[in-house]
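need a 3D model of the sequence below.
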Amino acid sequence: MLVVALLATLALAVTGSPARAAGTLLSQGKPVTASSVENAGTPASAAVDGNTGTRWSSSAADPQWIQIDLGATSTISQVVLNWEAAYAKAYQLQTSADGSTWTTVYATTTATGGTETLNVTGSGRYVRLNGTQRATGYGYSLWEFQVYGTAGTGGGACSTNNAALNRPSSASSTENGGTPSSSAFDGNTGTRWSSAASDPQWVQVDLGSVQSVCGVQLSWEAAYAKAYQIQTSTDGTTWTTVYSTTTSPGATELITLTGTGRYVRMNGTQRATAYGYSLWEFQVFTGTSTGTGPVLLSYGKPATASTFQDDGNCSGCTPAKAFDANAATRWATSATTGWSDPAWLAVDLGATAAISKVVLQWDPAFASAYQIQTSPDGANWTTIYSTTTSTGFKQTLDVTGTGRYVRMYGTARGTAYGYSLWGFDVYGTGGNPTAPPALPPNPGNPQKLLWSDEFNSAAGTGADPAKWTVDSGAGVNNELEYYTTGNKNTYQDGTGNLVLEARKEVTAGSACPRDPLSGSTTCQYTSGRINTSDHLNFTYGHVESRIKVTGTQGLWPAFWMLGSDFKTGTPWPNCGEIDIMEHVGKVADTVYSTLHAPAYFGAAGYGSPYTVAGSDFASAFHTYAVDWDSSHMTFTVDGNAFFTVNRSTLEQTRGPWVYDHPFYIILNNAVGGDWPGAPDATTVFPQKMLVDYVRVYQ
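Here you go, the predicted model:
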């Protein structure tokens, strides 16, 4: 558990960052069509898959076009065209609301190919490149066609809230009284539904009203379905299949789909084992199929409060922080005047609105009793929801009310502290809403290699400077090492491995910093740490590395990721940290995976050990990985999934999910520190952490 001082040291090594695109990437993984394709190996979809090793190419004739369906009318601010050698000399970029009538937002007759970054102004659901003159005798060919901007609120908007949580459910059968259907919808990954051992079997949930269903997540127990359908129904009798597979891999499946219904069902038709079907959790995600349904009204709107905190414990915790769509910032009442009852936080929606839902994400300083109130003028208030038994964390409240202003009015604190909210979201119709930033696209299915380093250079070669930054500086967390630049502690061994070598030094010379008091240039230990911050920053995907960790007392090797906004001033742990693997030498048979965020960090981080009793992880290579998307993370060792973090469960039991933005990768081999303790007489040096490869898929 690597704390803020380490990250502050890391910041000293970060010199520059990649160029930032204008707006959110809207196009990746979206439906795409083209006037023609050269062959089956160059489909239109290859231009939006995020893989610069695949491409779309057309037949060799003019004109030709390729178009992307963004799923909703969106504001377009930038287009990036990554051309193969067969590029367009003349073309237009066009937008359309319906895929039929087109508006040109950019045109050229003198393009030179390569990578073109074009700032444009336009809006539409569809974006088209219309090529009118080829530059070569071949067709048109694009490695990538990227569209940036602000996503619309209709069509493609899919909530990350679990609409099935604690809703009424039923099933074709249950294995026994301890595995009821309700256990698949209770938000508890330690309880499960399981069926009788026969085909077919089903489990279904009642969402309470007809809704637009845009995704489901199935967290299977070992007894999973090899073949099944996801089905929707308006009445619980007549079913429509919206997704079907005969090759399910089990584990955790996040499925994007389109359907409408009050009821959602998993209909299993072929078991993968001799047992029944068994689900730890069955989550359902909903959205709006048009722009006329309930939308987020409160994002970025003016906010006021009875008091707010601004001191060393909560700097700038103003009312606006509860409405900024940033899960790592919060409003809190003043530590000097606000730790009393009552207290309130209000938002001005900009115009009268019909309020249908309020979502509160509480800090540990929560309200045990409060009301949700509306007002036409910010002075006269009507209560539309009230509780005296709140338990904090995330609360999704179905309400009915009308007003321009919405207020949380706290009457009893749940702790000795004040009141504090990470998020206060108001949904409904009307108002004067501003669309919040869209979530990044989830990884593709199947995923493709985005980035890798196989470490196949000659012996003594350093880490590839095009892929890694080598850090230098003293250790923290009471660590004892000094990280060096150059190839002394960080080098490739010529047999396909990167080495991060921890050494005990007698006289380090220039390897260590000069002590400002004694003038000495000695340090006891040196080691290596590298990161991708200047080279690779990404959101979501499958991240894995094959590593032979160091052992022995006092060693602390790690493979982890840090939120990229740390580089631009967001402090730890607000930036978020994903520890894919940590190992401490004194516990030979165990590795650890842990998440750190503002509400859970350090020793209170949210994680799990993976233990193979009697083993020594330092004795052999093992593959450590995480699968990460907008709704979950699953950590594995050698393909064995041992820890799954469901977003909805995390928000309702620990605090905000802060992992919907770019992260970068870090590898380091620490010596000493609060967790492993210092080396002792049994410790053997040098200790080499060997990394066979690092790969990222999306």
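
isn't Q204 up against S170?
Yes. Between Q204 and S170 a contact is recorded at 5.9 Å, counting by C-beta atoms under 8 Å. Heads up, the C-betas are built off the backbone N, CA and C, glycines and all.

quickly list what's touching both of the two.
Counting by C-beta atoms under 8 Å, 6 or more residues apart in numbering, the shared contacts of Q204 and S170 are S181.

who has more neighbours, those two?
Ranked by neighbour count (other C-beta atoms under 10 Å), Q204 and S170 place Q204 first, with 24 against 16.

just the element for the residue nearest to that one when sequence neighbours are not counted, please.
Counting by C-beta to C-beta, 6 or more residues apart in numbering, R265 is the residue found nearest to Q204 once chain neighbours are left out, at 3.8 Å. Assigned by DSSP states H and E, R265 belongs to strand 252-271.

would you put the C-alpha positions of that strand in PDB?
Backbone C-alpha positions of strand 252-271 (Å, rounded to 0.1, in the frame of the first residue of the first chain) are rendered in PDB as follows:
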ATOM      1  CA  THR A 252     -17.700 -12.000 -14.900                       C
ATOM      2  CA  GLU A 253     -19.400 -11.000 -18.200                       C
ATOM      3  CA  LEU A 254     -20.300  -7.400 -19.000                       C
ATOM      4  CA  ILE A 255     -22.700  -7.400 -21.900                       C
ATOM      5  CA  THR A 256     -23.800  -4.300 -23.900                       C
ATOM      6  CA  LEU A 257     -27.200  -4.700 -25.500                       C
ATOM      7  CA  THR A 258     -30.400  -2.900 -26.500                       C
ATOM      8  CA  GLY A 259     -33.800  -3.800 -25.200                       C
ATOM      9  CA  THR A 260     -36.900  -2.600 -23.400                       C
ATOM     10  CA  GLY A 261     -38.900  -4.200 -20.600                       C
ATOM     11  CA  ARG A 262     -40.000  -4.300 -17.000                       C
ATOM     12  CA  TYR A 263     -38.600  -7.800 -16.600                       C
ATOM     13  CA  VAL A 264     -35.100  -9.000 -17.400                       C
ATOM     14  CA  ARG A 265     -34.300 -12.700 -17.500                       C
ATOM     15  CA  MET A 266     -31.200 -14.900 -17.900                       C
ATOM     16  CA  ASN A 267     -32.500 -18.100 -19.700                       C
ATOM     17  CA  GLY A 268     -29.800 -20.800 -19.400                       C
ATOM     18  CA  THR A 269     -30.000 -23.600 -22.100                       C
ATOM     19  CA  GLN A 270     -26.800 -25.400 -21.600                       C
ATOM     20  CA  ARG A 271     -24.700 -25.800 -18.400                       C
END
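
would you map the helices across this structure?
Ranges of helices in the chain, per DSSP state H, are 4-11, 647-653.

now the shortest one: buried residues?
Read it as helix 647-653. For helix 647-653, a neighbour-count test (16 or more other C-beta atoms under 10 Å) marks R647, S648, T649, L650, E651, Q652 as buried.

all strands of the stretch 1-150 of the chain, in order?
Remark: strands assigned in the stretch 1-150 of the chain by DSSP state E, counting those that start in this stretch are 24-25, 32-34, 56-57, 64-83, 88-96, 103-108, 115-134, 141-150.

and among those strands, the most buried is which?
strand 56-57 (a mean of 26; mean count of other C-beta atoms under 10 Å).

what pairs with that one, parallel or antiparallel?
Paired strands of strand 56-57, with direction, are strand 141-150 (antiparallel) (DSSP bridges).

how far out from the middle of the chain is the strand it pairs with?
Between the centre of strand 141-150 and the centre of its chain there are 21 Å (C-alpha atoms, centre = their mean, to the nearest Å).

re the thing from before, mind checking how far the residue nearest to Q204 is from T101?
In this view, R265 and T101 are 39 Å apart by C-beta to C-beta, to the nearest Å.

more crowded one of the two?
Between R265 and T101, counted using other C-beta under 10 Å, the more crowded position is R265 (24 against 11).

specify the beta-bridge partners of the closest residue to S375 other than its chain neighbours.
Spatial nearest neighbour of S375, excluding adjacent residues (C-beta to C-beta, 6+ apart): Y405 at 4.3 Å. Per DSSP bridges, the residues bridged to Y405 are D348, S375.

repeat for V358
L397, V426.

hang on, it packs against T374?
No. Using C-beta under 8 Å as the test, V358 is too far from T374 to be in contact (10.0 Å).

higher neighbour count, those two?
More crowded of V358 and T374, by other C-beta under 10 Å: T374, with 27 against 22.

adding mean pLDDT and distance to N162, write the strands of the stretch 1-150 of the chain out as CSV.
Shown next, in CSV, are the strands of the stretch 1-150 of the chain (pLDDT from 0 to 100; distance: least, C-beta to C-beta, whole Å):
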stretch, mean pLDDT, distance to N162
strand 24-25, 78, 23
strand 32-34, 82, 30
strand 56-57, 92, 36
strand 64-83, 87, 21
strand 88-96, 93, 34
strand 103-108, 92, 38
strand 115-134, 91, 27
strand 141-150, 90, 26
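
take those and write them to CSV, including distance to A197.
Output for the strands of the stretch 1-150 of the chain, formatted as CSV (distance: least, C-beta to C-beta, whole Å):
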stretch, distance to A197
strand 24-25, 45
strand 32-34, 43
strand 56-57, 47
strand 64-83, 41
strand 88-96, 52
strand 103-108, 59
strand 115-134, 47
strand 141-150, 48
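
closest one to P676 among these?
strand 24-25 (39.8 Å; C-beta to C-beta).

show residues contacting the closest one.
Residues outside strand 24-25 that contact it (C-beta under 8 Å, 6+ apart) are Q146, V147, Y148, G149, T150, A151, P437, A438, P440, P441.

now do 10 Å
Identification of contacts with strand 24-25 by C-beta atoms under 10 Å, 6 or more residues apart in numbering yields 48, 50, 74, 77-78, 80, 146-151, 437-441, 539.

neighbouring strands of it in the sheet, and parallel or not?
If you go by DSSP bridges, strand 24-25 pairs up with strand 141-150 (antiparallel).

CA atoms only: put the partner strand into PDB for me.
Output in PDB follows, covering the C-alpha atoms of strand 141-150 (Å, rounded to 0.1, in the frame of the first residue of the first chain):
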ATOM      1  CA  SER A 141      -7.600   3.100 -46.000                       C
ATOM      2  CA  LEU A 142      -7.700   4.200 -42.300                       C
ATOM      3  CA  TRP A 143      -5.900   2.700 -39.300                       C
ATOM      4  CA  GLU A 144      -8.200   4.700 -37.000                       C
ATOM      5  CA  PHE A 145     -11.100   7.200 -37.400                       C
ATOM      6  CA  GLN A 146     -11.600   8.900 -34.000                       C
ATOM      7  CA  VAL A 147     -14.300  11.400 -33.200                       C
ATOM      8  CA  TYR A 148     -14.100  13.500 -30.000                       C
ATOM      9  CA  GLY A 149     -16.600  15.800 -28.300                       C
ATOM     10  CA  THR A 150     -19.500  15.700 -25.800                       C
END
